[in-house]
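1. model this:
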Amino acid sequence: MSRSERLLDLLNILRRKRLPVSGQALADELGVSLRTLYRDVATLQAMGAQIEGESGVGYVLRPGFLLPPLSFPIEELETLMLGARWVAKRGDESLRKHAESALGRISAVLPVDMRDAMDATPLIIGPGSVLENHAVDPVLLRKAIRTERKLAITYRDGRDTATERVIWPFAFAFFDQVRLLIGWCELRGDYRSFRADRLVRAELLEARYPRRRQILLAEWRKKQGIPTTG
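-> Residues are numbered from 1 along each chain as shown. Below is the predicted model of the structure:
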């Protein structure tokens, strides 16, 4: 393992830890000596990583520090590029625009040889249909999820029956042919999934829903029998 890869691994370990972790535990996980671990921590701190702590106490990484994409191995870069290219082809207008912007940012910071390798990548996105625009802008739906605010919606089901509901949206699921807005429905008193193409109207309310998004998502996953990872 090169030193740059080890530094990246150290950052990834610290990102996963919510509480301070001892230097010895970090050294053991990386397979290096404690002296090497101390040097690596000092190097990352000099690069701007907000790693707090000291020997004998433990270390914790404060949020907000990112390494440029060139620090990723080629396989991880290919994965990121493939995902961004899929969104650029299959997402809604806003997601497509931001995916293309992200691709440009990644390419801009890559060394020339890696940029050439990415341009010639054998991983390609096959043809597929782009979903047509819906009555409700998906940007509004994603904003409601991000800000944990209630939505007042008019929803037309498969029998063409329209209902007025207030929901607590906490996830947006992407499938090849449909997009599903997932939330707690006050009308039904339970979790429900709503096809984005059947939303007739949506209004972002000022009220925040009373439970955190992560808690709702975890509960819904458990009820659906969906693993909590991935």
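
2. Walk me through which strands the longest strand anywhere in the chain pairs with, and which way each runs.
-> Longest strand in the chain, counting residues (DSSP state E): strand 162-174. Sheet pairing for strand 162-174, assigned by DSSP bridges, gives strand 149-156 (antiparallel), strand 179-185 (antiparallel).

3. Out of the ones you listed, which one sits most buried?
-> Neighbour counts (mean count of other CB atoms under 10 Å) averaged over each of the strands paired with strand 162-174 peak at strand 179-185, with a mean of 21. Using the backbone N, CA and C atoms, a C-beta is placed for each residue, glycine as well.

4. ok, back up a step: right, so of the strands paired with strand 162-174, which gets closest to residue 124?
-> Residue 124 sits nearest to strand 179-185 of all the strands paired with strand 162-174, at 23.4 Å, using CB to CB.

5. right, and the helix or strand after that closest one?
-> Once strand 179-185 ends, the next helix or strand along the chain (criterion: DSSP states H and E) is strand 190-195.

6. close enough to count as contact, residue 147 and residue 208?
-> Yes - in this structure, residue 147 is within contact of residue 208 by CB atoms under 8 Å, at 7.4 Å.

7. Which parts of the chain belong to which domain?
-> Using automatic domain parsing, the domain ranges for the chain come out as 3-61, 69-119, 138-224.

8. So which helix or strand of the protein has the lowest pLDDT on average?
-> Each helix and strand of the chain was given a mean pLDDT (mean pLDDT, DSSP states H and E); the minimum falls on helix 112-119 at a mean of 74.

9. Kindly format the C-alpha coordinates of it as CSV.
-> What follows is helix 112-119, C-alpha atoms only, in CSV (Å, rounded to 0.1, in the frame of the first residue of the first chain):
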residue,chain,number,x,y,z
VAL,A,112,-3.6,14.1,-17.7
ASP,A,113,-2.9,10.3,-17.8
MET,A,114,-5.9,9.6,-15.5
ARG,A,115,-8.1,12.0,-17.5
ASP,A,116,-7.2,10.1,-20.7
ALA,A,117,-7.9,6.8,-18.9
MET,A,118,-11.4,8.0,-17.8
ASP,A,119,-12.2,9.3,-21.3
